[in-house]
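A.B. asks: sequence isn't available, so here's the structure alone:
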């Protein structure tokens, strides 16, 4: 859980992530703590369910907006290791 929180913080700080998902995450946090909701929190289960769904949706959009992971070089890899020396042929 802590690693996901760190990932969310890193994505919020990453300039490669668009501003819209970041705005939705901030809006979702404000929506959860704001006393007035679309469905009042007094209603059992349903009151918190809309808060949770909005927050989960905003977080999933943030994760989907993450830049692709760069695992290394893409394309053909060329082997540049030198070949071991060949033994001299008997004809030489």
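C.D. replies: On my side now, so go ahead. Just so it is clear, the structure is predicted and the values come from calculations on it, not from any experiment.

A.B. asks: and the residue minimising distance to the centre of the chain, how far is that from residue 46?
C.D. replies: Taking Cα atoms, centre = their mean, the centroid of the chain lies closest to residue 63, which sits 3.7 Å from it. Using Cβ to Cβ, to the nearest Å, we find residue 63 at a distance of 26 Å from residue 46. No exception for glycine: its C-beta is placed from N, CA and C like everyone else's.

A.B. asks: ok, residue 37 next?
C.D. replies: Distance from residue 37 to residue 46, counting by Cβ to Cβ: 10 Å.

A.B. asks: list the buried residues of stretch 47-61.
C.D. replies: For stretch 47-61, the buried set under the neighbour-count rule, 16 or more other Cβ atoms under 10 Å, comprises 50-51, 54-55, 58-59, 61.

A.B. asks: out of those, which sit inside helices?
C.D. replies: 50-51, 54-55, 58-59, 61 (DSSP state H).

A.B. asks: save the residues you listed as a markdown table, and put in pLDDT and distance to residue 32 too.
C.D. replies: Rendered in a markdown table, the data for these read as follows (pLDDT from 0 to 100; distance: Cβ to Cβ, whole Å):
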| residue | pLDDT | distance to residue 32 |
| --- | --- | --- |
| 50 | 83 | 10 |
| 51 | 84 | 5 |
| 54 | 89 | 8 |
| 55 | 92 | 6 |
| 58 | 95 | 10 |
| 59 | 94 | 12 |
| 61 | 94 | 16 |
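
A.B. asks: from those residues, which is closest to residue 17?
C.D. replies: Of all those, the one sitting nearest residue 17 is residue 61; the distance, using Cβ to Cβ, is 10.1 Å.

A.B. asks: ok, the closest one - contacts?
C.D. replies: Residue 61 is in contact with 20-21, 24, counting by Cβ atoms under 8 Å, 6 or more residues apart in numbering.
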